[in-house]
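Colleague: Predicted model, plus sequence, below.
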Amino acid sequence: MKIRSTGALALASSLAAGSLAMLSLGGGASAASVTNVTFAYDFPGPDFELIPLVVAQDQGFFTRAGLNVKVVFPPDTSTTTKLLVTGAANIGFITTTDMGVAVNAGAPVLSIGNYTMSNNWALFAKPGVALSANNLKSELEGKKIFSYGDTWTESMLPFVLKKAGLTDKQVDIVTDPTGQDFKFLLDGKVNIATNTSNYEVAGFDTSGLKGKEPTLLGTAVGAPNIPIWVYATSKSYAKSNPKTVSAFMSAVKKGTLWAIANPAKAAVEFDKLYPKSGYTNAYNLDGWKLTIPFMANSSGQYFTQTSAQWATMSKALKSIKLISSVPSPSTYYTNKFLP
Amino acid sequence: MDSNSQDDSVSTVNLDSATASRGLGGFTRSRRRAVLRNVGIPILSIALLLLLWQAIVVVFHVAPYIAPRPLAAIQSVTDNWGALWPLVLGTVRETIYGFVCGTILGIGLGVVMAKAPFLHRMVYPVLVLSQGVPIIALGAPIVLILGFGIAPKVVIVAWIVFFPVTVNVVAGLSHVDQDLLNLARVYGASKWRTFFLIEIPASTTPLFAGLKIGATYAVTGAIIGELVSPSGAGGSLALYQEHANTNFNVAGVYGTTMVMTAIGISWFLLIVASEVVATPWQRRTVARRSLLHREPDVDLTSTGH
């Protein structure tokens, strides 16, 4: 999914430094007991959704689990799954729809835990412009709607249009993988932006602009409430390294809970590790705080996946012909590595 | 002595040639050979490349979601040709408009710079600067100014094309044979007449060199334009490929790449063909030279030797 500011891309030079810093911070355990793990993020640059891993590293949770985690960044948002199946990375961070299309193509990937538990994908309008579920048809018909062209937006938008009683021919979907949604929205080049609320709202809050950006959650207008991001690995890595995968998820859970309890400190740790990420501390903190409410399910569980979420996702992809068949939900996931 | 031995060697070659190919039939055969050489070998090299690709995928058991077999890539194009064709036309349209705009701008600037040294000194650094700007960084500003649609793509293609054209036109006009210019002056030719009859023909070779470079980059420019400036409902070839990539349709990614490559090659060949048509004197020179080489054959045949 391509839902970050591409401004961060210009700061790719910081990535190597960040990865090296990750390595150097994890130097607590003896060399013999340390297992190296390469983690592939879903975006070409680091941002606040990486905070649980940063904390797990900085607080020594990985080290105590006997792991030396190196974070790598893909050249684009579609490559992480391929890094996993080729063995270039061991564990990665992808969207559930990425999982869907990968499994459909025969790629042996396995989701090992949800990152967020619900769908915070939303529609956004320029401040002062009306956007509500009640007048959805009139507010969308004939309008320019921004899309990153990713599988998530492609699969969610049809639900919203269906709810509004519109077809994709009755709106103008402007696709821009480089992610200039915010700029285009403010400039009036598009009428509606689509993004996840944690990234979009954090961007607006820290932009210095006055007013409030009208937001309409996709789940309020027909989009299914399913998790967006998951931790994933290849089936072969999971099979041959079950202890490592379990240790990783355990350390990440500790990092997640610590970061939820200490958001400000967690954001500072992120800034320390990625000082040239291109984002301000205010943005990272705001974004992380906006992410926290989506991380646990209604029972207070973290990471736990359900067959229902995968069934809903695969049916959604099938309905828009992104996948050819709906496999059994168990094809996609396992909870056996969860702490 | 040297010149004699050289003549002998030429005669020997042409005698052999006369034995193998005489008269009109021989000419046809040699043309056929030339066609085979100029068309057959490139096609063979492409076929070998595809075979190598196939062999790598098969021998190393490359999974289809990592890299498809060439036939799978080609099939993804044929299966989706209905969806691809309008996008191909869109890319071709952007390429043509941008190329024409860039060429006109490039020739105009080149002529002005060649004729006015002051302007040359003033404009040249700006031209170099313009090519130093990362084109991707221009995407959003161009869209904000020109909106969505074809205009931003055309600007990006023109931006890429005009520079090699300008540089080559300046080079061509600056290196016209001084003797020819002096001759024109002696005959009292006006500046315009000299320009049209001597300077323009003399600079066509470097001009076409620039156009060929521009043609190579034009399609790349169009694809970059499609990527950095968003498309509306019509979509674009670059976005089609982006979607294929996002949706794990690897055969689609490779197939689209093949289509893009085909557009690029076609456009380059079109410019080469234009050069052949626009500069007949270059071909004539070659033809005369080959005729000169054939003269001993003719003489030998006609005299009964």
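Modeller: Structure's in. What do you need?
Colleague: CA atoms for contacts and neighbours, from now on please.
Modeller: Fine.
Colleague: all helices for the stretch 101-250 of chain B, in order.
Modeller: B:117-132, B:135-146, B:150-174, B:178-186, B:191-194, B:200-202, B:204-228, B:237-246, B:250-278 (DSSP state H, counting those that start in this stretch).
Colleague: can you list those helices in a markdown table and add mean neighbour count?
Modeller: Formatted as a markdown table, the entries for the helices of the stretch 101-250 of chain B read as follows, by neighbours: other Cα atoms under 10 Å in any protein chain shown:
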| stretch | mean neighbour count |
| --- | --- |
| helix B:117-132 | 12 |
| helix B:135-146 | 16 |
| helix B:150-174 | 25 |
| helix B:178-186 | 13 |
| helix B:191-194 | 13 |
| helix B:200-202 | 18 |
| helix B:204-228 | 24 |
| helix B:237-246 | 21 |
| helix B:250-278 | 18 |
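Colleague: Going by mean pLDDT, which of the ones you listed comes out lowest?
Modeller: For these, the stretch scoring lowest in mean pLDDT is helix B:135-146; its value is a mean of 81.
Colleague: Is it in proximity to chain A?
Modeller: Yes. Helix B:135-146 is in contact with chain A by Cα under 8 Å from any Cα of the partner chain, via B:Ala140, B:Leu144.
Colleague: and that helix, how far from the chain's centre?
Modeller: Centroid separation between helix B:135-146 and its chain, computed with Cα atoms, centre = their mean, to the nearest Å, is 27 Å.
Colleague: what about the helices of the stretch 101-250 of chain B, which gets the closest to A:Asp187?
Modeller: With Cα to Cα as the criterion, A:Asp187 lies closest to helix B:135-146 of those, at 7.5 Å.
Colleague: Show me what that closest one packs onto, helices and strands only.
Modeller: When contacts are defined as 3 or more Cα pairs under 8 Å, 6 or more residues apart in numbering or on different chains; DSSP states H and E, helix B:135-146 packs onto helix B:150-174, helix B:204-228.
Colleague: Of those helices, which is nearest chain A?
Modeller: Closest approach to chain A among the helices and strands packed on helix B:135-146 (Cα to the nearest Cα): helix B:204-228, 6.5 Å.
Colleague: angle of the closest one against helix B:237-246?
Modeller: The directions of helix B:204-228 and helix B:237-246 differ by 50 degrees, with axes from the mean of the first three to the mean of the last three Cα atoms, to 10 degrees as the criterion.
Colleague: ok, and does helix B:204-228 reach over to chain A?
Modeller: Yes. Contact check for helix B:204-228 against chain A, using Cα under 8 Å from any Cα: residues in range are B:Leu227, B:Val228.
Colleague: mind checking how far that helix is from the chain centre?
Modeller: The gap between where helix B:204-228 is centred and where its chain is centred comes out at 8 Å by Cα atoms, centre = their mean.
Colleague: Close to chain B: what parts of chain A are there?
Modeller: Residues of chain A lying close to chain B (Cα under 8 Å from any Cα) are A:77-78, A:82, A:86, A:98, A:101-102, A:105-107, A:149-151, A:169, A:172-178, A:180, A:184, A:187, A:189, A:322.
Colleague: Generate a PyMOL selection restricted to the buried subset of those.
Modeller: This is how PyMOL selects the buried members of these, with burial counted by 16 or more other Cα atoms under 10 Å in any protein chain shown:
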select buried, chain A and resi 77+78+82+98+101+102+105+107+149+150+151+172+173+174+175+176+177+178+180+184+189+322
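Colleague: Surely A:Val230 is in a strand?
Modeller: Yes. In this structure, A:Val230 lies within a strand as judged by DSSP: H, G, I helix; E, B strand; the rest coil.
Colleague: residue contacts, A:Glu141?
Modeller: In this structure, A:Glu141 makes contact with A:Leu166, A:Gln170, A:Val171, judged by Cα atoms under 8 Å, 6 or more residues apart in numbering or on different chains.
Colleague: let's go with 10 Å and repeat that
Modeller: A:Leu161, A:Ala164, A:Gly165, A:Leu166, A:Thr167, A:Asp168, A:Lys169, A:Gln170, A:Val171, A:Asp172 (Cα atoms under 10 Å, 6 or more residues apart in numbering or on different chains).
Colleague: Show me those residues that map onto strands.
Modeller: Using DSSP state E, the subset of those located in strands is A:Asp172.
Colleague: In CSV: the contacts of A:Glu141, plus pLDDT.
Modeller: Compiled in CSV, the contacts of A:Glu141 are given as follows (pLDDT from 0 to 100):
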residue, pLDDT
A:Leu161, 94
A:Ala164, 93
A:Gly165, 94
A:Leu166, 93
A:Thr167, 90
A:Asp168, 86
A:Lys169, 88
A:Gln170, 92
A:Val171, 93
A:Asp172, 90
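Colleague: Can you select the buried ones from the contacts of A:Glu141 in PyMOL?
Modeller: Buried members of those, identified by 16+ other Cα under 10 Å, are gathered into one PyMOL selection as follows:
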select buried, chain A and resi 161+164+166+170+171+172
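Colleague: coming back round to it: any chance of the helices and strands packed on helix B:135-146 in CSV, plus distance to B:Gly255?
Modeller: What follows is these, written out as CSV (distance: least, Cα to Cα, whole Å):
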stretch, distance to B:Gly255
helix B:150-174, 22
helix B:204-228, 15
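Colleague: center of chain A - which residue?
Modeller: The residue lying closest to the centre of chain A (Cα atoms, centre = their mean) is A:Trp229, at 4.5 Å.
Colleague: Beta-bridge partners for that one, please?
Modeller: A:Trp229 has the following beta-bridge partners by DSSP bridges: A:Thr95.
Colleague: residues in contact with it?
Modeller: Contacts for A:Trp229 (Cα under 10 Å, 6+ apart) come out as A:1, A:42, A:49, A:93-99, A:111, A:113-119.
Colleague: what about 6 Å?
Modeller: Remark: with contacts taken as Cα atoms under 6 Å, 6 or more residues apart in numbering or on different chains, A:Trp229 is in contact with A:Ile94, A:Thr95, A:Thr96, A:Tyr115.
Colleague: ok, now which ones touch the last one?
Modeller: Just to be clear, that refers to A:Tyr115. If you count contacts by Cα under 6 Å, 6+ apart, then A:Tyr115 has A:Trp229, A:Val230, A:Phe303 around it.
Colleague: now the closest residue to it other than its chain neighbours: how far from chain B?
Modeller: The shortest distance from A:Tyr115 to any residue other than its chain neighbours is 4.8 Å, reached at A:Val230 (Cα to Cα, 6 or more residues apart in numbering or on different chains). Between A:Val230 and chain B the distance, using Cα to the nearest Cα, to the nearest Å, works out to 16 Å.
Colleague: circling back: of the contacts of A:Glu141, closest to A:Ala259?
Modeller: The closest of the contacts of A:Glu141 to A:Ala259 turns out to be A:Leu161 (Cα to Cα; 36.7 Å).
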